[in-house]
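S.K.: Need a 3D model of the following:
(one chain, ligands or ions: 1)
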Amino acid sequence: MDHKQKKEKIMERFHYSTDTIIDKPFNWKQMWRLFSYLKPYSKNLLPAAFVAVFISALVRLVAPILIGKYTLDHAIANKDINLLTILVVTIAGLYILSYIANKFRIKWMNMLGQNVIYDIRKHLFTHVQTLSHRFFDQRSAGSILVRIMNDINSLQELFTSGVINLLMDFILLIGVVALLFTLSPQLTLAILIIVPLMFFISTSLRKKIRRSWQTVRLKQSKLNSHLNESIQGIRVTQSFTQEKENIEFFDGVNSENFRAWQNATKRNAMFTPMVEMTNAIGTAILIAYGASLIADESITIGIFVSFAFYLGMFWEPISRLGQVYNQLLMGMASSERIFEFLDEKPIVAESHSPISLTNMDGKITFESVEFAYDSSRKALHDVSLTIDAGQTVALVGHTGSGKTTIANLISRFYDATAGKVKIDDIHIKDLSIQELRSQISVVLQDTFIFSGTIIDNIRFGRPEASDEDVIEAAKAVGADDFIKNLSNGYFTEVEERGNILSVGERQLISFARALLADPRIIILDEATASIDTETEVKIQHALRTLLKGRTAIMIAHRLSTIREADNIIVLDHGHIMEQGSHQQLMEKKGIYYGLVKAQFNMLEVG
Ligand SMILES: Nc1ncnc2c1ncn2[C@@H]1O[C@H](COP(=O)(O)OP(=O)(O)OP(=O)(O)O)[C@@H](O)[C@H]1O
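M.R.: Below is the predicted model of the structure:
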């Protein structure tokens, strides 16, 4: 395989297909929605900045006429020293006023921009937190990160300088055109001939620029997704010595990103030369036609000078409007992506009038429940079961048989596609999601440890718990011993995912976390799988404390851990195959019996 083929193969290795180009036409409604984030500032920052803009625009509009028409044609032509002094002082005063107004305009606009960015980011993050598991199943963490960080960042310029420049340029443009007309209508008309040409070129560029910014975001998304995955999976990469391939893939995505940027900035840069070219044509017309108008005394030299000033001021806002327009296009590309997330509704939605169940008993019923993660295959078929309050039920079965899916439906991370899941005989969809979940604790094999201290990690589900309560919970599950031996005991800082702890230690922390949260229903999904047999024996006792008086669902491949369960449900390909106590199922000599025997034989051989 030559290098090119090898590279192509590497580039096919990872797929980050969920982020697609959203190519809708320029949409004013959407822009309006974006600008509605300015609303909270419509009574303070925004009007203050508008006043500042208005003052500096006004000064810029008035000064040339004072310089050209009045200073040249009146004061200097008539040698009127008094008028000249008044004009010089007025012009100087106006420029000082403009300087002050500009200073405040920049300060207030920066504050406005930062506030708006803060608000949009907060809104998006808050919304993303409420979205259902299915949303996260379908997207990489990196692509979500790009929208919350890069897409929102790219709006910053639009809000700090774009919006206000837009306003300033509109005032300038309207003012300048009006003044040009009053100074000399013929000369103005002659120069305005080029405007339709400019309009035509800018319209044709519009779509291309917007698309290229969309592509940039897409490539950034891919880059971030890969970066995120590479760091999370670095141990696997290194153990399979795939660093070189990983670097090559990264290099491929990085160059795609680089090319996309190049392309977008190239297209962006087309605006300025276009404006400069029209500027040159306009000036040529001014000189040629203006000179002939002076010659036949249709206009004075003072008017010609004012006109030249205004002409410069005419191209400047047009050129800047091009820039703002680009910012608008960029903002459009980003806001489409931001609004796509904001418009995403949680699939698991709160009922319109949720029933409050603050003191749940913990009875769980499944009535002919069916579930499919995607339409192509079902994960559960016609599952009916009853778990009485306080019972401990074990779910066993082969990998992929649907055990975790049952647990997911109890926590309402997903909704059943058919049938009903009930808690205390109430349809789960009618219950308040927050109350439901606050009374359920899930302990997984792969425990998530957040950055922070051990004590705060245990306190995660009950932030108001005292240090003593935390220590008591840790003692009850046998986590106290190892925590005390850490450099700072309970106050030892752990980084994201708790890499300084062993998998078993992380599990013990999550046991303590669950116990402290004091739930009515507890789900242990392979929760003891990474704990050694000795520790497991130790925590069997703690487990009894943890499960006492609560409804418990235990999912375990290691069957020795679930012998004491009140009921064991055996699943196969999403069907309940048999259920009963350990004794009953052993006597039945069915699937469970086979599973126990297989494990026993393995141990014997081992
Ligand atoms: N988020 C998901 N999206 C799509 N399919 C999924 C998802 N999670 C699980 N599945 C599929 O649903 C089926 C049941 O999975 P489930 O996680 O319930 O199995 P399990 O019995 O808990 O397996 P294990 O013992 O390996 O944990 C499997 O075929 C799995 O591939």
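S.K.: mean confidence for stretch 363-373?
M.R.: Per-region confidence: stretch 363-373 scores 94 on mean pLDDT.
S.K.: quick one: buried residues of it?
M.R.: Under the neighbour-count criterion of 16 or more other Cβ atoms under 10 Å, stretch 363-373 has Lys363, Ile364, Thr365, Phe366, Glu367, Val369, Phe371, Ala372 buried. All C-beta atoms are positioned from the backbone trio N, CA, C, and that covers glycine.
S.K.: Not counting its neighbours along the chain, what's nearest the third one?
M.R.: Spelled out, that is Thr365. Lys422 (4.2 Å; Cβ to Cβ, 6 or more residues apart in numbering).
S.K.: just Asn567 next, same as before
M.R.: Val393 (4.7 Å).
S.K.: Can you verify the one you found is assigned to a strand?
M.R.: Yes: under DSSP: H, G, I helix; E, B strand; the rest coil, Val393 sits within a strand.
S.K.: May I have the beta-bridge partners of it?
M.R.: Under the criterion DSSP bridges, Val393 forms beta bridges with Ile553, Asn567.
S.K.: Show the pLDDT at it.
M.R.: pLDDT, Val393: 95.
S.K.: try Gly175
M.R.: Looking at Gly175, the pLDDT reads 87.
S.K.: How about Trp108?
M.R.: At Trp108, the pLDDT value in this model is 87.
S.K.: list the contacts for the residue most central in space within the chain?
M.R.: In the chain, the centroid-proximal residue (Cα atoms, centre = their mean) is Ile148; its distance is 2.9 Å. Contacts of Ile148 were listed using Cβ atoms under 8 Å, 6 or more residues apart in numbering, and they are Arg121, Leu124, Phe125, Val128.
S.K.: So for the last one, what's the pLDDT?
M.R.: To tie it back to what came earlier, the one meant is Val128. At Val128, pLDDT is 92.
S.K.: Quick check, it in contact with Ile144.
M.R.: Yes: between Val128 and Ile144 a contact is recorded at 6.6 Å, counting by Cβ atoms under 8 Å.
S.K.: of these two, who's got more company?
M.R.: Ile144 (23 against 17; other Cβ atoms under 10 Å).
S.K.: neighbours around His127, how many?
M.R.: Neighbour tally, His127, other Cβ under 10 Å: 16.
S.K.: Tell me the confidence at the nearest residue to it once chain neighbours are set aside?
M.R.: Residue nearest to His127 in three dimensions, not counting chain neighbours: Leu342, with 5.5 Å by Cβ to Cβ, 6+ apart. If you check Leu342, the pLDDT there is 92.
S.K.: count of residues packed around the nearest residue to Gln445 once chain neighbours are set aside?
M.R.: In space, and not counting its chain neighbours, Gln445 is closest to Glu526: 3.9 Å by Cβ to Cβ, 6+ apart. Using other Cβ under 10 Å, Glu526 has 19 other residues around it.
S.K.: Surely Glu526 touches Val442?
M.R.: No: with contact defined as Cβ under 8 Å, Glu526 does not reach Val442; the gap is 11.2 Å.
S.K.: Buried among the contacts of Ile148? Make that a PyMOL selection.
M.R.: Selection of buried members from the contacts of Ile148 for PyMOL, criterion 16+ other Cβ under 10 Å:
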select buried, resi 121+124+128
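S.K.: any shared contact partners between Val128 and Ile144?
M.R.: Common neighbours of Val128 and Ile144 are listed as Phe341 (criterion: Cβ under 8 Å, 6+ apart).
S.K.: The stretch 51-200 of the chain: strands as residue ranges?
M.R.: For the stretch 51-200 of the chain, no strands are identified by DSSP state E, counting those that start in this stretch.
S.K.: Over in it, which residue gets nearest the ligand? Let me know.
M.R.: Nearest residue of the stretch 51-200 of the chain to the ligand: Asp137, at 4.3 Å (Cβ to the nearest ligand atom).
S.K.: List the contacts of the closest residue to that residue other than its chain neighbours.
M.R.: Nearest residue to Asp137, sequence neighbours excluded (Cβ to Cβ, 6+ apart): Tyr373, at 7.3 Å. Listed by Cβ under 8 Å, 6+ apart, the contact set of Tyr373 reads Arg134, Asp137, Ala379, Thr405, Tyr414.
S.K.: what about the closest residue to the fourth one other than its chain neighbours, how many residues close to it?
M.R.: Closest residue to Thr405 in three dimensions, ignoring its sequence neighbours and counting by Cβ to Cβ, 6+ apart: Ala379, at 4.5 Å. Ala379 has 22 neighbouring residues, counting by other Cβ under 10 Å.
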